[in-house]
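*Asks:* kindly generate the corresponding structure for this input.
(one chain, ligands or ions: 1)
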Amino acid sequence: MALRTIVQDGDPILKKKCRPVTRFDDRLAELLDDMKETLTHAQGYGLAGPQVGVMRRLFISLDERDLPEGASFEEGAEPKYIECINPEIIATEGEVTGYEGCLSFPGHTAEITRPEKVTVRAFDRNGNPFTLTGEGMLARCICHETNHLDGITIMDLAESFYEDEENDEEE
Ligand code: NI
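*Replies:* Predicted coordinates for the structure are as follows:
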């Protein structure tokens with residue numbers, strides 16, 4: 001496994017539409033393992049292909065569904081990830097406005113309205129199809145990462161940005 005460089009704000013890669021994954025091979029497995037290591041290292045919640053320069057439709061997301069209420073991986077538990085290849089959101093429910101960040105846009109926290117519940121159909125690294133329903137943070141992450149695959153980022157969707165008081169003082 002190896003750390004990959006996370007593509008940053010201003011890179012045109014972040015505005016491009018990704019192509020579907022067609023080969024479920026060792027190279028794909030290696031990419032996913034590298035992305036997990038990169039995401040863990042960056043202490044992020046999700047990471048999409050184009051964020052590591054790979055223009056293919058895939059993302060990974062932290063899976064906190066098994067954790068007890070209020071617990072987090074920051075307290076030392078081994079993180080678990082969901083891998084979604086060629087994801088397609090097939091159902092949404094509700095609406096919730098909240099804040100989210102992105103590893104490609106450090107320092108920006110965007111207020112975005114997302115569905116409360118999202119069902120995604122995707123393939124695992126072996127090419128097996130599955131359907132998954134996420135709520136709350138996971139639903140937000142599924143939408144955020146799927147947007148990345150179409151070149152859409154928090155900078156396009158933000159209704160407003162969180163203003164950090166400390167940053168204001170520095171200006
Ligand atoms: Ni992002």
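*Asks:* tell me the SS of the closest residue to N126 other than its chain neighbours?
*Replies:* Distances taken as C-beta to C-beta, 6 or more residues apart in numbering place F24 nearest to N126, at 6.0 Å, with adjacent residues excluded. Every C-beta, even on glycine, is put in place using the N, C-alpha and C of the backbone. Taken by DSSP: H, G, I helix; E, B strand; the rest coil, the conformation at F24 corresponds to coil.
*Asks:* wait, F24 touches E83, no?
*Replies:* No - with contact defined as C-beta atoms under 8 Å, F24 and E83 do not form a contacting pair (11.1 Å).
*Asks:* identify the contacts common to these two.
*Replies:* A shared contact of F24 and E83, defined by C-beta atoms under 8 Å, 6 or more residues apart in numbering, is any residue touching both; here these are R125.
*Asks:* H41 - that's part of a helix, no?
*Replies:* Yes - assigned with three-state DSSP, H41 falls within a helix.
*Asks:* separation between it and I89?
*Replies:* Distance of H41 to I89, computed by C-beta to C-beta, to the nearest Å: 28 Å.
*Asks:* quick one: which of the two has more around it?
*Replies:* When neighbours are counted by other C-beta atoms under 10 Å, I89 comes out ahead of the other of H41 and I89, with 16 against 11.
*Asks:* can you count the residues close to the closest residue to G127 other than its chain neighbours?
*Replies:* The spatial neighbour of G127 that comes closest, neighbours along the chain excluded (C-beta to C-beta, 6+ apart), is F24 at 3.8 Å. Burial measure for F24: 15 neighbouring residues, criterion other C-beta under 10 Å.
*Asks:* would you confirm that G94 contacts R114?
*Replies:* No - G94 lies out of contact with R114 (C-beta under 8 Å); the separation is 9.3 Å.
*Asks:* quick one: average pLDDT of the longest strand seen in the chain?
*Replies:* Among all segments of the chain classified by DSSP state E, the strand with the greatest residue count is strand 81-93. Confidence for strand 81-93, expressed as mean pLDDT, is 98.
*Asks:* following it, which helix or strand comes up?
*Replies:* Counting by DSSP states H and E, the element after strand 81-93 in chain order, helix or strand, is strand 96-100.
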